[in-house]
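S.K.: Pasted the sequence and its predicted model underneath.
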Amino acid sequence: MSELTKALIKFHQELPTIKKDAKAQYGQYADLCGVLSSVTPVLSANGLALTQTFLEDSLVTTLRHISGEEISSVGKLVIAQGKNALHSWGASVTYSRRYHACSILGIVADMDTDGVVEEAKPSAAPTPVPQPVPAPASKADDEPIKRDEYNMVLT
């Protein structure tokens, strides 16, 4: 068995529960800072180091052991089309770093829901279907609104 594998097994035995300190629309999760602050001391104590670098449009995650052994994983960065290209790139990097770090270490930092919230179980009584409410009669598009109506919209 390789020295890296022995150290990784010991790392798994010593790793505390990773805290879910960040909040998202679907609940709490362990963000990149939470994951790295939990794993880094235990990695170091076992002669392991995790590095993450870039190669063109990909993230390279490497787990290194003091013996010189290492394993690497390369994953293409998926960047959403947003208003701010740098912000979109940064979000992709942060998200990818967290998932790649957990993947190469063989750990799960939180339950992966992909933002899907559990659906409510059906009740015995049928849920009433909301009925459409007719819109109030509006002014013609070419008729200007009055000053008091304008102020009401602003407030």
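M.R.: Great, that's in hand.

S.K.: could you pull out the helices for the chain?
M.R.: Counting by DSSP state H, residue ranges of the helices within the chain are 3-14, 32-45, 85-105, 147-154.

S.K.: Looking at the ones you listed, which is nearest to Ala24?
M.R.: With Cβ to Cβ as the criterion, Ala24 lies closest to helix 85-105 of these, at 11.3 Å. Heads up, the C-betas are built off the backbone N, CA and C, glycines and all.

S.K.: avg pLDDT for that closest one?
M.R.: Confidence over helix 85-105 (mean pLDDT, whole number) is 93.

S.K.: That helix packs against which elements?
M.R.: The helices and strands touching helix 85-105, judged by 3 or more Cβ pairs under 8 Å, 6 or more residues apart in numbering; DSSP states H and E, are helix 32-45, strand 48-55, strand 58-65, strand 70-76.

S.K.: just checking, Gly34 touches Lys19?
M.R.: Yes - in this structure Gly34 lies within contact range of Lys19 using Cβ atoms under 8 Å: 5.7 Å.

S.K.: the more surrounded of these two?
M.R.: For the pair Gly34 and Lys19, the greater number of neighbours falls to Gly34 (18 against 15), based on other Cβ atoms under 10 Å.

S.K.: ok, now how distant is that one from Lys20?
M.R.: Distance, Gly34 to Lys20, using Cβ to Cβ, to the nearest Å: 7 Å.

S.K.: any shared contact partners between those two?
M.R.: Common neighbours of Gly34 and Lys20 are listed as Ala109 (criterion: Cβ atoms under 8 Å, 6 or more residues apart in numbering).

S.K.: who touches the nearest residue to Thr94 once chain neighbours are set aside in this structure?
M.R.: Closest residue to Thr94 apart from its sequence neighbours, by Cβ to Cβ, 6 or more residues apart in numbering: Leu32 at 5.4 Å. Leu32 makes contact with Thr94, Arg97, Arg98, Ala101 under the criterion Cβ under 8 Å, 6+ apart.
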